[in-house]
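*Asks:* Sequence first, predicted coordinates after that:
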Number of protein chains: 2
Amino acid sequence: MDFGRRDFLLSAAAAAVAPQMIATPAGAQTPLPAGGRKLGYAIVGLGSYGLGVIIPEFAHCQHSKLVAVVTGDAAKGKRVAAEHGLGANAVYSYARFDEIRNNPEIDIVYVCLPNSMHAEYTIRAAKAGKHVMCEKPMAISVAECEAMIAACRKADRKLMIGYRCHFEPFNLEAMRLARSGAAGKIRYVRTEHGFTQGDPSKWRLKRALSGGGSLMDMGVYSLQAARYMTGEEPIAVTARESTDRNDPRFREVEDMIEWNLEFPSGAIAGCQSMYSANQNHILLMGDKGRIELEPATRYSGNHIWTGKDGRERELTPPPGPGVTQFAGQLDHLADCIVAGREPIVGGEEGLRDMRIVEAIYRSAREGRTIRLDGRA
Amino acid sequence: MDFGRRDFLLSAAAAAVAPQMIATPAGAQTPLPAGGRKLGYAIVGLGSYGLGVIIPEFAHCQHSKLVAVVTGDAAKGKRVAAEHGLGANAVYSYARFDEIRNNPEIDIVYVCLPNSMHAEYTIRAAKAGKHVMCEKPMAISVAECEAMIAACRKADRKLMIGYRCHFEPFNLEAMRLARSGAAGKIRYVRTEHGFTQGDPSKWRLKRALSGGGSLMDMGVYSLQAARYMTGEEPIAVTARESTDRNDPRFREVEDMIEWNLEFPSGAIAGCQSMYSANQNHILLMGDKGRIELEPATRYSGNHIWTGKDGRERELTPPPGPGVTQFAGQLDHLADCIVAGREPIVGGEEGLRDMRIVEAIYRSAREGRTIRLDGRA
């Protein structure tokens, strides 16, 4: 067991952020992986997600810990390392990234970089002998996704995509209810995800970094929801896009995109993403009732209802696999590595989404339905 | 003024149905049309809507009254006439329909028949010198709608379509809020309407009578909502359909159809109708907030919220133009006739919807976007 100074500091830092979350008694934790060692993560990219969201979550992890950071800002790296009890040798620049191979503390590299850099750093991490957690979208093209999968396979390393909703209690409960037939035969899923973009200089609004607009960001949540709520793979996609190109935020990427997916069962999903208003919603309609979430996929504060005609019963789902969805996600990859299992949301899952994303863009561009099942 | 036995009976009957509605004091009523006479309606079709919904509503009308019924069931006609204080000569069979021309009590014919009979009875009513209220959808083709408009124009008679939501307080408030800029620049409207069809022998499931499935029924509400919430006319439509043809309910007509509309401002509407689950929802997203209704277009019990991210403030709209949306609709046509004005939802409005309905079906059939603005 390793409850030394680092863990004490992590816990203390996290308690200041989310005191109610740290209250889980140590006795309630599941056993550590074989050997009792927490697996070590290197966080690549100290932006708002890597630094602001993920790093504090190690305090809630049972099988994972922060052991290194990779950043282009040496001062920021030094500060973060100090705050989390890491030595100066735990801070890597991008130029020194490949030296992570020499650091046995690093088991996993978590790629929290702009989308266009996911493929490069995933592949380099695998070549350095590290397992990889890569943020969603997995990359900016199907070809990149395939190369990432191939690189991890060749290096015999695990690859997992940061689909946090698969560890989020409200979404897990929605999936469970949908699979249990609680809504009857699934006919329709509706999901919208969006927020109001502000600063036009953000990397998400630069095509070279993001690979696309709202679809490559919030749209992935809508697409994922359509797939995990139906439990099916789409056979056709039809999409339309609407963007005000005079808006300085949207000179390079799309604002709003609306698409539907057709599934083998006959179910349809109507999906949307946008960068000009706030949306966060999942609705499943079956012939016996509905399952609805709003907000659906936030970091916290989600809600879920069932009903026949509307939001009739609000539910309190059972806890997810981790203290938080992020901790559940981080520990899942650690557990898979120790147990020799494949992650439930591996590289193939990211590739599936990216194939659909490319079809959505193509459908919107060509003004026609694109088949995903090889039929004409 | 005409508060004789008929009105007493009507009021008494209505009070039994909806006592809270009849409480409006007579002193609060607006003046009767010139001459003080209530205009007389002949209800054509004593099905669940004409008999069950519309006829009781005359009790709430200020400028309209029931004076005749047209039915293929003589016994039912006789019973309804007796219940509403009408003489035996106020009951017409379909064979005798054209004799309404000789009844000066009848000012307006309200066509509550299956969709495929709307055109015939509207045109015959106009030829008989009567104004026409026709249920939605206006007919089952653009060609029929055009013939109906031409017939009413030739006979110099008013033609109004039964778009009751234009007289419904929650929808009126939503339109007012949208027009006032309460949500900012309108980017997106989402609307779904559906219910679970039961008996496969219903006329709505027979193509020869209905002209189509859920789109020709609940879909018209979604289409209308997209237009009156944006206040714009769509320039393109893209649609997909999904129907289980092995389901005995759906051998002849579609179950579910999902379509989007693109508007000149760049707004998109994502619309849906279905016959295999219950849906009744309108959501408008602007860059400053949202307006949401659920249920949105029911006969009663609708709700409306505004908010930035969700349903933050529930509103109580001011009363509509009538005691009920139905009374407001019935009296509007009477008022237009007396004042020589065009109804706010005339034949041209029904024709606009039917042009889009035909494009929705065509888009779904051909798997491509259909332009509505004449562009290639």
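*Replies:* Now that the structure is in, tell me what you want to look at. Numbering: from 1, shown residues only, chains lettered A, B, ... in the order given.

*Asks:* Next one, pLDDT for A:Glu376 please.
*Replies:* Check again: residue A:376 is Ala, not Glu. pLDDT recorded at A:Ala376 is 71.

*Asks:* So which residues of the stretch 251-376 of chain A form helices?
*Replies:* Using DSSP state H, counting those that start in this stretch, the helices of the stretch 251-376 of chain A run over A:325-339, A:347-366.

*Asks:* Return the most buried member of the ones you listed.
*Replies:* helix A:325-339 (a mean of 23; mean count of other C-beta atoms under 10 Å in any protein chain shown). All C-beta atoms are positioned from the backbone trio N, CA, C, and that covers glycine.

*Asks:* Would you mind pulling up the elements that it packs against?
*Replies:* strand A:39-44, helix A:55-57, strand A:64-70, strand A:108-111, strand A:131-134, strand A:159-161 (3 or more C-beta pairs under 8 Å, 6 or more residues apart in numbering or on different chains; DSSP states H and E).

*Asks:* now that helix, how far from the chain's geometric center?
*Replies:* With C-alpha atoms, centre = their mean, to the nearest Å as the basis, helix A:325-339 stands 13 Å off its chain's centre.

*Asks:* Kindly report the same for stretch A:69-83.
*Replies:* Counting by C-alpha atoms, centre = their mean, stretch A:69-83 comes out at 23 Å from the chain centroid.

*Asks:* what about that stretch, average pLDDT?
*Replies:* 97.

*Asks:* care to break chain A down by domain?
*Replies:* Per automatic domain parsing, the domain ranges recorded for chain A read A:5-164+A:324-345, A:169-319+A:353-371.

*Asks:* Could you single out the most deeply buried of the ones you listed?
*Replies:* Most buried among these, counting by mean count of other C-beta under 10 Å: domain A:169-319+A:353-371, with a mean of 21.

*Asks:* show me the contacts for whichever residue of the stretch 51-200 of chain A sits closest to chain B.
*Replies:* Proximity to chain B, evaluated over the stretch 51-200 of chain A using C-beta to the nearest C-beta, is greatest for A:Arg187 at 5.0 Å. By C-beta atoms under 8 Å, 6 or more residues apart in numbering or on different chains, the contact set of A:Arg187 is A:Gly266, A:Ala267, A:Ile268, A:Met285, A:Gly286, A:Asp287, B:Ser242, B:Asp255, B:Met256, B:Met274, B:Ser276, B:Ala277.

*Asks:* from the residues you listed, which ones fall inside strands?
*Replies:* Per DSSP state E, strands hold the following members of the contacts of A:Arg187: A:Ile268, A:Met285, A:Gly286, B:Ser242, B:Met256, B:Met274, B:Ser276, B:Ala277.

*Asks:* possible to save the domains of chain A as CSV with distance to B:Ile370?
*Replies:* Listed next are these as CSV, based on distance: least, C-beta to C-beta, whole Å:
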stretch, distance to B:Ile370
domain A:5-164+A:324-345, 30
domain A:169-319+A:353-371, 9
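
*Asks:* circling back: give me the nearest residue to the residue of the stretch 51-200 of chain A closest to chain B, chain neighbours excluded.
*Replies:* Among residues not flanking A:Arg187 along the chain, B:Ser276 sits closest, at 5.0 Å (C-beta to C-beta, 6 or more residues apart in numbering or on different chains).

*Asks:* OK, contacts around that neighbour?
*Replies:* Applying C-beta under 8 Å, 6+ apart to B:Ser276 gives the contacts A:Lys185, A:Arg187, A:Asp287, B:Gly194, B:Thr196, B:Gln197, B:Asp247, B:Asp255, B:Met256.

*Asks:* Which pLDDT value belongs to it?
*Replies:* Here, the pLDDT recorded for B:Ser276 equals 95.

*Asks:* what are the bridge partners for it, then?
*Replies:* On the basis of DSSP bridges, B:Ser276 is bridged to B:Thr196.

*Asks:* re earlier: CSV for the helices and strands packed on helix A:325-339, including distance to chain B?
*Replies:* Converted to CSV, the helices and strands packed on helix A:325-339 look like this (distance: least, C-beta to the nearest C-beta, whole Å):
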stretch, distance to chain B
strand A:39-44, 29
helix A:55-57, 23
strand A:64-70, 32
strand A:108-111, 29
strand A:131-134, 29
strand A:159-161, 27
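
*Asks:* Columns distance to B:Ala128 on top of those, output as TSV?
*Replies:* Output for these, formatted as TSV (distance: least, C-beta to C-beta, whole Å):
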stretch	distance to B:Ala128
strand A:39-44	79
helix A:55-57	76
strand A:64-70	81
strand A:108-111	76
strand A:131-134	73
strand A:159-161	69
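
*Asks:* how about the ones you listed, which one is nearest A:Arg124?
*Replies:* Minimum separation from A:Arg124 across the helices and strands packed on helix A:325-339 (C-beta to C-beta) falls at strand A:108-111, 8.5 Å.

*Asks:* Name the surrounding residues that touch that closest one.
*Replies:* Strand A:108-111 has contacts (C-beta under 8 Å, 6+ apart) with A:39-45, A:50, A:54, A:64, A:70, A:100, A:117-118, A:121-122, A:125, A:128, A:130-135, A:162, A:330, A:333-334, A:337.

*Asks:* isn't A:Glu135 right up against A:Ala119?
*Replies:* No - checked against C-beta atoms under 8 Å, the pair A:Glu135 and A:Ala119 is beyond contact range at 12.0 Å.

*Asks:* for the contacts of A:Arg187, which one is nearest A:Tyr299?
*Replies:* A:Met285 (26.6 Å).

*Asks:* just the strands in the stretch 151-300 of chain A please.
*Replies:* A:159-161, A:186-196, A:236-242, A:256-262, A:268-274, A:276-286, A:289-293 (DSSP state E, counting those that start in this stretch).

*Asks:* rewinding a little: want to throw the contacts of A:Arg187 into a markdown table with distance to A:Gly231?
*Replies:* Below are these laid out as a markdown table (distance: C-beta to C-beta, whole Å):
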| residue | distance to A:Gly231 |
| --- | --- |
| A:Gly266 | 14 |
| A:Ala267 | 10 |
| A:Ile268 | 14 |
| A:Met285 | 15 |
| A:Gly286 | 12 |
| A:Asp287 | 16 |
| B:Ser242 | 16 |
| B:Asp255 | 20 |
| B:Met256 | 18 |
| B:Met274 | 20 |
| B:Ser276 | 18 |
| B:Ala277 | 17 |
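
*Asks:* Kind regards, and thank you for your time.
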